[in-house]
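>>> predicted model, plus sequence, below.
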Amino acid sequence: MTATEQAGTSAPTPVLSLRGVSRSFGAARALLDIDLDVYAHEVVAVVGDTGAGKSTLVGVLSGAQQPDEGQVLVDGSPVALADPASARSLGIAAVFQDLALCANLDVVENLFLGQEVVRGSLLDEVAMEKQAWNLLGQLAARVPSVRIPVAGLSSAQRRAVAIARSLLGEPRVILLDEPTASLGLTQVAEFLTLVERLRARGHAVLITSHSLSDLQAVADRIVVLRLGRTNGEFRADHVTYEDLLAAVTGVAR
Amino acid sequence: MYPARVGEDRVTPGSQTSLREANRARIVNAVQQRGSLTQVELAGVTGLSPATVSNIVNELTGSGVLHTAPTTRSGRRAQQVTLARNLGLVAGLHFGTRSLRVALSDVAHRIVAEQRLPLPPDHRADSGLERGAMLTAEMVASVGATMSEVLAVGVGVPAPVDVRTGQVSTRGLLRGWDGAAVPEILGARLGVPVHVDNDANLGALAEERLGAARGRRNVVYLRASHGVGGGLVLNGELYHGRVGAAGEVGHVTIDDNGTVCRCGNRGCLETFVGAAAILETLRPTHGHLTLRDVITRAEQGDPGCRRVLSDAGRHLGVAAASVCNLIDPEIVVVGGQLAEAGEMLLGSLRATVMERAIPSTSGPVEVVQGALGASAEVRGALVVALDRVSITAGVLAP
C-alpha cells in the first residue's frame, strides 16, 4: 500500500472476507480455494453460469453452509458461521431466491415475524406500521398498503418486502441470491434502483446473477466464478461485456 | 404547424370561419406547449382578446379538447386551461450514459408513469432500444392503456443527433450507438412515430417550457453529468445547427496539451469535469466512488470532494462564459447529476462566468440550477413528442 492510500480515509478493512474457502458435495467440488473481499458501501456482483458455485458461495457467507476448508472473516478476524442466526448477529443478512415470505400474512406481519415490537404484553402495531413505512420509503419501494397480504403484491414488491425485512437488524452486509430471476423489466428497474439505495445507505451488497448487463449497471466490482473457481475480478466501469462473457464461459481472449 | 381541420366543405382563406379556425388552432397550440395556463395568460400568449379566448375555450371544452378547472391567480379567480386527458398518451425515453429513464404523460403534460433503469457502461444501441421498447410497453400496460393510445414517442440520447434523420451524427461520442437508426428501430418495435434529439437539447427545451427558464427566449442549458453537454434556445426555438452538434460545450478546448478526449481532440471540457475525470481525481485518496457518492460526501463536508466540485464549477464557468459572450443569453440553467451539488458547483461557476463574460450594464447573466432535476431530459422528450402530435379541434367531435 502506498503512502497516499494510507493517508486517505482510514485504509478500509473488508467487512466480510473469504480466504481459501472450499466446499464439496461428495465428489462435486462446488467451491475451490475462493478468496473474496466485500467492503462497506460497495456492490459486488458474483456472476457465473449455472453450477459455477454462486449459490454455494452465498450459502457459506450466510452461515447456511459450512466450508470444508478455509476461513470466513468479519472485519478482518476469523469467525465461525455455524448457522444463519449467528451470521445475522454479526450483521450479515441474506435474501434467497424463494424470499421465505408468508403469503397469507400482511406486509407488517411478514416484516416483524419472530421479532415483533411489543409494548407491555401487547403488540405495538402502530410502531411496527410506522417502521414498515419508514423502511419501505427508504428503499423507495412502491407498496400500495402495508396491511394487505403479501400474496397480493407483485414479485418486485415482494422482493422489496423481503429486503426490507433483512434490513431490520441494520445489517452491514446484504446477500442477494438471484434477485432478478423471474422479474419483468419494470420490476428489474425498480430492483436495480433499490440496490443503488442500499449502497447509498452504506451497506455492503453482494448480488449473484447470471444476467450480466443488469449487474454491470449497479455493481462496483464483478467477480466471475467458473466451475467453483474465481475466474477473474473486474472493475465494473472498465470491463467490457465481451471480457465478462469470456471469463464466464472460459474462453481465452 | 397544426393543420386547421379541413371540414367536409373547404374553408375559404380570409373568411370569418378560417380566422376562427386559426384562432382555435392558436389556443390549442399554446395550451399544448405550456401544459396549463389561465385564460388571462392565454390571452397574453396568443394576443387574442380575453372575450375571444373565453368563447373559444368554452367551445373547445364542449367538444372535449380542452379541460378547465377553477383556480386563483394573484388572489383573483381564474380558469386553468389544460388539454383534456383522454386525448391520448405520449412517451419519452432518455438514454443516459448510465441509465434509461422512461416517462408517460397525457397531452396535458401530466406525468402518469415514470421509471428509471440503471444501464451498464458503454451500453449498445440494439439491447438498449430493445429494453427501452419493452419498458415502455410494460409501463403503458401498467396504466391500463394500450400502445394504440400512444400518439408519439420522444427519445433523447447523449450525443449530437441529426434531427432530420434521427441518427447520431458524430462518431465515437456514444460508443455502441454510432449510426444507429433509432426512429426506424423503435418505431417498428412500438408502431408509433419516434422523434430523436440530443439529451441536452431536450433538457434545454424542458427547462424553457416547464422549468427554471419559463418565459425566457434565449437560454443556455449546461448538462453536467457523466458526460458534459449543452443545449441552446435562441429566440424561443431550440437551435440545432447543421447536424445537431450545436451547444456541445463538453468538447470546448480548455487545455491544448490536455489528455485525449473520446471525441479525438485534446483537453476538452469533458476531460476535466466528466464523471471519469472527477472520479479518477479522487481515486488515490477516496478509492472507488460514484458521482452520487461525491456529492453526498461533499454535502457532509468532505474537503476533497468539495474542492473537486468547485473546480468543476470553475471549468464549466470558463466554457459557459465563452458561450455567453457568443449568444448573450438571458439565463444559464445547469442540469445533470452534478447540478445536484447546488451552490458547491454553482457558486464557482457563477463567479467564473461573472469574471470572464463581457460585463453588461444590466448586470451579470443569471446562473441557476435546473428546476426539473434528473427528469429534465425525459420531460423534454415528452415535449418533443407532444409538439409533433397534431391535435385538431375535431379530434373527439362526432
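On my side now, so go ahead.

>>> can you give me the helices for the chain?
Going with chain A. A:3-7, A:54-62, A:84-89, A:107-111, A:125-138, A:155-166, A:185-200, A:212-218, A:241-249 (DSSP state H).

>>> not quite, I wanted chain B
B:16-34, B:39-46, B:50-62, B:125-142, B:182-190, B:199-210, B:270-273, B:275-286, B:291-299, B:303-327, B:343-356, B:376-388.

>>> how about the last one and chain A, touching?
What that stands for is helix B:376-388. No: Helix B:376-388 stays clear of chain A (C-beta under 8 Å from any C-beta of the partner chain), getting no nearer than 13.4 Å. The way it works is simple: take the backbone N, C-alpha and C, and place the C-beta from them, glycine included.

>>> can you state the direction angle for that helix and helix B:16-34?
Relative orientation of helix B:376-388 and helix B:16-34, computed by axes from the mean of the first three to the mean of the last three C-alpha atoms, to 10 degrees: 170 degrees.

>>> now do helix B:376-388: which elements does it pack against?
For helix B:376-388, the packing partners by 3 or more C-beta pairs under 8 Å, 6 or more residues apart in numbering or on different chains; DSSP states H and E come out as helix B:16-34, strand B:89-95, strand B:99-106, strand B:150-157, strand B:194-198, helix B:199-210.

>>> can you give me the buried ones in the longest one?
In this case it means helix B:16-34. Neighbour-count burial for helix B:16-34 flags B:20-21, B:23-32, B:34 (criterion: 16 or more other C-beta atoms under 10 Å in any protein chain shown).

>>> out of the residues you listed, which one sits closest to chain A?
Nearest to chain A out of the buried residues of helix B:16-34 is B:Gln32 (C-beta to the nearest C-beta; 28.4 Å).

>>> spit out the contact partners of that closest one.
By C-beta atoms under 8 Å, 6 or more residues apart in numbering or on different chains, B:Gln32 lies in contact with B:83, B:107, B:386-387, B:389, B:391.

>>> could you check the pLDDT of it?
On pLDDT, B:Gln32 comes in at 78.

>>> circling back to that earlier point, right, so of the helices and strands packed on helix B:376-388, which gets closest to A:Arg147?
Smallest distance to A:Arg147 across those (C-beta to C-beta): 28.9 Å, for strand B:99-106.

>>> related to what we said a few turns ago, adding distance to A:Arg23, write the helices of chain B out as a markdown table.
Converted to a markdown table, the helices of chain B look like this (distance: least, C-beta to C-beta, whole Å):
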| stretch | distance to A:Arg23 |
| --- | --- |
| helix B:16-34 | 64 |
| helix B:39-46 | 70 |
| helix B:50-62 | 71 |
| helix B:125-142 | 35 |
| helix B:182-190 | 45 |
| helix B:199-210 | 48 |
| helix B:270-273 | 47 |
| helix B:275-286 | 35 |
| helix B:291-299 | 34 |
| helix B:303-327 | 41 |
| helix B:343-356 | 48 |
| helix B:376-388 | 46 |
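
>>> from B:Ala276, how far out is the residue of the stretch 201-350 of chain B found nearest chain A?
Residue nearest to chain A within the stretch 201-350 of chain B: B:Thr285 (4.2 Å; C-beta to the nearest C-beta). B:Thr285 sits 17 Å away from B:Ala276, going by C-beta to C-beta, to the nearest Å.

>>> neighbour count winner among those two?
The residue with more neighbours, out of B:Thr285 and B:Ala276, is B:Ala276; 17 against 14, by other C-beta atoms under 10 Å in any protein chain shown.

>>> residue contacts, the more buried one?
B:His226.

>>> ok, now A:Val58?
A:64, A:94, A:96, A:175, A:177, A:206, A:208.

>>> confidence-wise, which of the residues you listed comes last?
For the contacts of A:Val58, the least confident entry is A:Phe96, with 83.

>>> can you put the buried residues of helix B:16-34 in TSV and add distance to A:Arg221?
Shown next, in TSV, are the buried residues of helix B:16-34 (distance: C-beta to C-beta, whole Å):
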residue	distance to A:Arg221
B:Arg20	66
B:Glu21	63
B:Asn23	62
B:Arg24	60
B:Ala25	57
B:Arg26	58
B:Ile27	57
B:Val28	54
B:Asn29	52
B:Ala30	52
B:Val31	51
B:Gln32	48
B:Arg34	47
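
>>> any idea how far A:Arg221 is from A:Pro14?
Counting by C-beta to C-beta, the gap from A:Arg221 to A:Pro14 is 11 Å.

>>> more neighbours: which of those two?
Set A:Arg221 next to A:Pro14 and count neighbours by other C-beta under 10 Å: A:Arg221 wins out with 21 against 18.

>>> nearest spatial neighbour of the more buried one, skipping sequence neighbours?
Nearest residue to A:Arg221, sequence neighbours excluded (C-beta to C-beta, 6 or more residues apart in numbering or on different chains): A:Val44, at 5.1 Å.

>>> need the pLDDT of the one you found.
95.

>>> how close does it get to chain B?
11 Å (C-beta to the nearest C-beta, to the nearest Å).

>>> ok, the most centrally placed residue in chain A - contacts?
For chain A, the residue whose C-alpha lies nearest the mean C-alpha position (C-alpha atoms, centre = their mean) is A:Leu175; its distance is 1.7 Å. By C-beta under 8 Å, 6+ apart, the contact set of A:Leu175 is A:58, A:61-62, A:92-95, A:206.

>>> how about the residues of the stretch 251-398 of chain B by chain A?
B:284-288, B:290, B:292-293, B:296.

>>> filter those down to the buried ones.
Burial by neighbour count, 16+ other C-beta under 10 Å: within these this picks out B:286-288, B:290, B:293, B:296.

>>> so who does A:Gln216 touch?
By C-beta under 8 Å, 6+ apart, the neighbours of A:Gln216 are A:45, A:222, A:236, A:239, A:241, A:244, B:120-121.

>>> as JSON lines, the residues you listed with distance to B:Gly144 and neighbour count would be great.
Shown next, in JSON lines, are the contacts of A:Gln216 (distance: C-beta to C-beta, whole Å; neighbours: other C-beta atoms under 10 Å in any protein chain shown):
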{"residue": "A:Ala45", "distance to B:Gly144": "35", "neighbour count": "27"}
{"residue": "A:Ile222", "distance to B:Gly144": "39", "neighbour count": "24"}
{"residue": "A:Ala236", "distance to B:Gly144": "37", "neighbour count": "20"}
{"residue": "A:Val239", "distance to B:Gly144": "41", "neighbour count": "22"}
{"residue": "A:Tyr241", "distance to B:Gly144": "36", "neighbour count": "17"}
{"residue": "A:Leu244", "distance to B:Gly144": "39", "neighbour count": "22"}
{"residue": "B:Pro120", "distance to B:Gly144": "32", "neighbour count": "23"}
{"residue": "B:Pro121", "distance to B:Gly144": "36", "neighbour count": "18"}
